[in-house]
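> Could you work out the structure for the sequence below:
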Amino acid sequence: MRYVAFFDLDNTILKIKSGEALLRKAYQNGLLSNWKLIHVYYLATLYKLHLIDPAIIIEKLSSCLAKSPENEIEALCHEIVEKDLVPAIRPDIINEIRKHKEQGAILVILSSAIASICFPLAKHLGMHAVICSELEVVNQQYTGRPLGKFCFRDEKLDRMNLYLANNNHSHEDSYYYADSIDDLPVLQSVGHPVCVNPDKHLEKIAQERNWVIHTWE
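The predicted model follows:
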C-alpha cells in the first residue's frame with residue numbers, strides 16, 4: 001500500500017527561509033522600499049528573540065508585497081528558486097526523498113511558503129503534490145493578503161487531513177519532516193514524525209516522545 005511522505009520547506013528541505021530570500025531579491029530589484037526592508041529585518045530580529053508570534057510575521061511579510069505586479073514577482077520567484085533555493089537544498093533531504101520514492105511513496109511539500117516558490121521546487125525534486133500558501137492577486141497585482149488562510153499551524157493540519165481523506169491514505173502510515181515547534185500539530189498527527197534540525201522547543205518534545213531527530217549540516 002502506498003503511503004505519503006510530507007515535507008516542510010523552510011529550514012527542512014532548504015537550509016534557509018525562502019520568504020526572506022524573496023524579500024531581499026525584491027528589494028534588490030526595486031520592488032521593496034528601504035523602509036519595508038528595514039521592517040523585514042526588524043521582524044526577523046523579533047522572531048529570533050521569540051518576541052513575536054510567527055503567524056504575525058508571515059502576515060506582515062506577505063503584506064510587504066502589496067501592489068507588486070504579479071508578473072514581476074513570478075519572474076523573481078523563478079530566479080530565486082534557480083539561483084538561491086536549489087543550491088540551498090539539503091543533500092541529506094535529497095537522500096530521504098530518494099528513499100521514499102524507491103519505496104513507492106507519494107511525495108508532498110506541506111509548507112507555509114507561497115505557491116510560486118513551492119511548485120518550482122517540487123518539480124525540481126520530483127514531488128507529486130504541493131500544499132502551501134497562496135497570495136491574493138487583484139488586477140494583476142498582489143494585495144499582500146492570503147488567498148484563503150496561510151498554510152500554518154492548525155491550517156496546515158487541516159489541509160493535510162483533507163489531502164489524506166481525499167486520497168484514501170492513513171495518518172498512521174504517513175511521514176512528516178519538519179523543523180519547528182509550529183509544526184507540532186502535524187507532527188503529532190502522523191505515524192512517522194521526523195524532526196530535521198529542530199528548534200529547542202521541538203527537540204525537547206521529540207526527545208520525550210522518541211521521535212526521529214536528524215541533525216544535518
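
> Could you use CA atoms for every contact and neighbour count after this?
OK.

> So residue 137, which state does it fall into?
Under the three-state scheme (DSSP: H, G, I helix; E, B strand; the rest coil), the conformation of residue 137 reads as strand.

> Show me what the helix or strand of the chain with the lowest mean pLDDT packs onto, helices and strands only.
Counting by mean pLDDT, DSSP states H and E, the chain has its least confident helix or strand at helix 34-48, which shows a mean of 74. With contacts defined as 3 or more CA pairs under 8 Å, 6 or more residues apart in numbering; DSSP states H and E, helix 34-48 has these neighbours: helix 18-28, helix 54-63.

> Can you list the buried residues in the longest one?
For helix 18-28, the buried set under the neighbour-count rule, 16 or more other CA atoms under 10 Å, comprises 18-19, 22-23, 25-26.

> packing partners for the longest strand anywhere in the chain?
Of all the elements of type strand in the chain, the one with the most residues (DSSP state E) is strand 106-114. Helices and strands touching strand 106-114, by 3+ CA pairs under 8 Å, 6+ apart, are strand 4-7, helix 91-102, helix 115-125, strand 129-133, helix 154-166.

> Would you give the sheet partners of the first one, along with the direction of each?
Right, the one you point to is strand 4-7. The strands beside strand 4-7 in its sheet (DSSP bridges) come out as strand 106-114 (parallel), strand 175-178 (parallel).

> before we move on, the earlier item: next, the angle helix 18-28 makes with the least confident helix or strand of the chain.
160 degrees (axes from the mean of the first three to the mean of the last three CA atoms, to 10 degrees).

> Buried residues, helix 34-48. List them.
Neighbour-count burial for helix 34-48, with 16+ other CA under 10 Å as criterion, is recorded at 36-37, 40, 43-44.

> Check stretch 82-90 too.
Buried positions in stretch 82-90, judged by neighbour count with 16+ other CA under 10 Å: 84-86, 88-90.

> Perfect, that will be all.
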